[in-house]
Each structure stands twice: as structure tokens, then as C-alpha cells.
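Visitor: here's my sequence, what's the structure:
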Amino acid sequence: MLGLGTGLALIIAIGAQNAFVLRLGIAGRTATVLPVVLVCSLSDALLIVLGVLGVGAVIAAAPALVTVVRVLGAGFLLVYGALAARRALRPGGEALEAGPGAGEVLGRGAAVATAVVLTWLNPHVYLDTVLFLGSLANQYEGARWWWAAGAVTASFLWFFSLGFGARLLRPVFARPGAWRVLDGVIAVVMLALGVRMALGG
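Guide: Okay, the predicted model is just below:
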């Protein structure tokens, strides 16, 4: 239970990955949402396992690698944030259609690729999962894998709930103005995280 609770506390925080999954969940079809939430959940699971196995020490010993990931991730977030800002300020017809799939501007392949980048080019994911969660799990010695299983379960619960639960908000987003507000919020989140990441925060 401790692993589950700690994992949820870290994952639920508003971030680029969550903002992307939320928008996709509201707008996307199951064929697009499913592989994206699987990428997010399985990536977290792999990173948590690596942390339990002690890979965090390797990452800590290679600050140059973390810097490269930080720069690439910051660049991607700034570009994605700028695109979200453009959608908010100058929405296209595709983003404003009502009904299932409304606002879906990414195909399945592009959505999965975006999820991969948002996950693996975010240096904070290594700090949170590999270093922090891995270190906490190893404090439980014989029960570390049970603790890690709880954290992995938290990741799957959160991303599947976010991705597939977001469809409940579709009636709200039948109005064009709601998409502009959402994209505005996503733009602020992405740009703020990108600037923070670029500055090394």
C-alpha cells in the first residue's frame, strides 16, 4: 500500500505527460488512447524496476547524460507548448468538431511517439522513478519488490483512469471555447516546464 500511495502522489502531479494524456483522452478514440496509456504505464514500470535494481547509481554517476536528456526534453516541451498556444489562439476546424474524436489532431503513431518523447526525454521521470522510488523500495529489503509492485500498480491505475475517464468530460468539450481553454492551460504547463527544464530546474 505504501508503494501504491507514494506512486500515486508522484504521478498525479500536473505535468506534461498528464496534460497530453488528458487532452488525448477527451478527444481520442480507444485505438489511440490505449497504446498511449500503455506506453506511459509500461515505461513507469520499467523505470521503477530499474530503480529497484540499482540503476539510479549509474544515472547519478553520469550527469552529462542527464544534461543531454534535459536539453532535448526542454526543446520538445517548448515546441509542444507553442503548438498548444497556437491552437488556443487560432483554433482550426478539426480541433472544434463536436462528438467522438473531437479535437483529435494526432494519429495513433504520432500520439504514441509523443508519449514516448514526453516520458523518456523528461529528466524528472528518472529522478522520480529510478532514483526516488527505487531508493524508497530498497529501504524495505525483503519486501522491496512488493513495494515496487504497488508503485507500478499506481501508474497503471492513474494512466488508465485518466486516459479513459477523460471521455466523461466530452459533453463539456462539445463547446469550441472549452477546447481553447484546455489548450491554453496545456500551453502554460508545457511552456513553464520547458523553461524550467531548460534552466536546469
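Visitor: the residue lying farthest from the centre of the chain: what's it in contact with?
Guide: Among the C-alpha atoms of the chain, the one most distant from their mean position (CA atoms, centre = their mean) is that of residue 142, at 30.6 Å. Contacts for residue 142 (CB atoms under 8 Å, 6 or more residues apart in numbering) come out as none. For glycine as for every other residue, the C-beta is placed from the backbone atoms N, C-alpha and C.
Visitor: for the longest helix belonging to the chain, packing partners?
Guide: Taking DSSP state H as the criterion, the chain has its longest helix at helix 63-89. Judged by 3 or more CB pairs under 8 Å, 6 or more residues apart in numbering; DSSP states H and E, helix 63-89 is in contact with helix 16-27, helix 108-120, helix 123-125, helix 176-198.
Visitor: 6 Å instead?
Guide: With contacts taken as 3 or more CB pairs under 6 Å, 6 or more residues apart in numbering; DSSP states H and E, helix 63-89 sits against helix 123-125, helix 176-198.
Visitor: which of those sits most buried?
Guide: Highest mean neighbour count among those (mean count of other CB atoms under 10 Å): helix 123-125, with a mean of 20.
Visitor: helices or strands next to that one in the packing?
Guide: Judged by 3+ CB pairs under 6 Å, 6+ apart, helix 123-125 is in contact with helix 63-89.
Visitor: need the pLDDT of residue 23.
Guide: We have a pLDDT of 87 for residue 23.
Visitor: that older thread, distance to residue 148 and mean pLDDT added to the helices and strands packed on helix 63-89, as JSON lines?
Guide: Listed next are the helices and strands packed on helix 63-89 as JSON lines, based on distance: least, CB to CB, whole Å; pLDDT from 0 to 100:
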{"stretch": "helix 123-125", "distance to residue 148": "16", "mean pLDDT": "75"}
{"stretch": "helix 176-198", "distance to residue 148": "26", "mean pLDDT": "82"}
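Visitor: what's the closest of these to residue 75?
Guide: helix 176-198 (7.6 Å; CB to CB).
Visitor: quick one: that closest one to helix 63-89, angle?
Guide: Orientation of helix 176-198 against helix 63-89 (axes from the mean of the first three to the mean of the last three CA atoms, to 10 degrees) gives an angle of 160 degrees.
Visitor: of all the helices and strands packed on helix 63-89, which one is nearest residue 25?
Guide: Using CB to CB, those put helix 176-198 closest to residue 25, at 11.3 Å.
Visitor: show me what the closest one is packed up against.
Guide: Counting by 3+ CB pairs under 6 Å, 6+ apart, helix 176-198 packs on helix 16-27, helix 63-89.
Visitor: check the ones you listed for me: which has the lowest mean pLDDT.
Guide: When the helices and strands packed on helix 176-198 are ranked by mean pLDDT, helix 63-89 comes last with a mean of 80.
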